[in-house]
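Trainee: quick one: sequence plus predicted model below, questions after.
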Amino acid sequence: MFMKIAEIREISTKELVERIEAEVVNYNQLVLNHSISPLDNPAQIKQLRRMVARMKSELRQRELNNK
């Protein structure tokens, strides 16, 4: 479920954008579910938020390198 930096760097930019969108939706759903009834593992929220941040950082770095 959670990707490492090396795995994020291997995927294409187009796929990275799609993965970010999907994971943000997944993150929002997880937070909503947790507010209604507690999750078994609330640390998932933190891990997912950090993974989205890693993907966004890689995407931004690619944008800066292309300029």
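Mentor: All right, it came through fine.
Trainee: continuing past the helix or strand of the chain with the lowest mean pLDDT, what's the next helix or strand?
Mentor: Between all helices and strands in the chain, the lowest mean by mean pLDDT, DSSP states H and E belongs to helix 5-10, at a mean of 92. Scanning forward in sequence from helix 5-10 by DSSP states H and E, the next helix or strand is helix 13-36.
Trainee: and the next element down the chain from that following helix?
Mentor: Downstream of helix 13-36, the next assigned helix or strand under DSSP H and E is helix 43-66.
Trainee: who touches residue 52 in this structure?
Mentor: 20, 23, 24, 27 (Cβ atoms under 8 Å, 6 or more residues apart in numbering). C-beta coordinates here come from the backbone N, C-alpha and C atoms, glycine included.
Trainee: of those residues, select the buried ones using a ChimeraX command.
Mentor: Here is the ChimeraX selection string for the buried members of the contacts of residue 52, based on 16 or more other Cβ atoms under 10 Å:
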select :20,23,27
